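*Asks:* just coords:
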């Protein structure tokens, strides 16, 4: 009787709970695949996110970068130091205000970004292989509605 406990649990789950489990599993698998593929670039995941942000927003300050990454300036400082030591970024004096530095991506950092974009494109193609345009449109629409519902919850709590 006790051995079937897992079966009883799964029967008690709601459809929404099962969908959330699939979502969390998808998230874990995606992260695992991305980290595995990005390991060939020579930078860690958090450093990679910084490089991608710098490629889209050249010459931003450390404070602005921290805000965009939603982390503390001290956490960004640690990652930036490692990226600078690795030759992926450089700091330049802000021309408008000499008290601040701007963070710039180097050619080496830009190569990592390009390689990463190719990796992401391959992963996306594999993830969505076999899905029709209609299925992808419906899936995207459902995710968009879920995000909207969650955003409303966040706004109601303010």
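*Replies:* Yep, it's here. Nothing here was measured: the structure is a model prediction, and the numbers come from that model.

*Asks:* Could you use CA atoms for every contact and neighbour count after this?
*Replies:* Will do.

*Asks:* What residues of stretch 36-50 count as buried?
*Replies:* Within stretch 36-50, the residues that qualify as buried are 38, 43, 47-48, 50, counting by 16 or more other C-alpha atoms under 10 Å.

*Asks:* Make JSON lines out of these and add secondary structure, distance to residue 108 and pLDDT.
*Replies:* Converted to JSON lines, the buried residues of stretch 36-50 look like this (DSSP: H, G, I helix; E, B strand; the rest coil; distance: C-alpha to C-alpha, whole Å; pLDDT from 0 to 100):
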{"residue": "38", "secondary structure": "helix", "distance to residue 108": "15", "pLDDT": "91"}
{"residue": "43", "secondary structure": "coil", "distance to residue 108": "11", "pLDDT": "90"}
{"residue": "47", "secondary structure": "helix", "distance to residue 108": "13", "pLDDT": "90"}
{"residue": "48", "secondary structure": "helix", "distance to residue 108": "13", "pLDDT": "90"}
{"residue": "50", "secondary structure": "helix", "distance to residue 108": "14", "pLDDT": "94"}
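
*Asks:* Between which two of those residues is the distance greatest?
*Replies:* Farthest-apart pair in the buried residues of stretch 36-50 is 38 and 50; separation 13.7 Å (C-alpha to C-alpha).

*Asks:* Quickly note the distance from the most centrally placed residue in the chain to residue 109.
*Replies:* Most central in the chain under C-alpha atoms, centre = their mean is residue 49, positioned 6.7 Å from the mean C-alpha point. Look at residue 49 and residue 109: by C-alpha to C-alpha, to the nearest Å, they are 12 Å apart.
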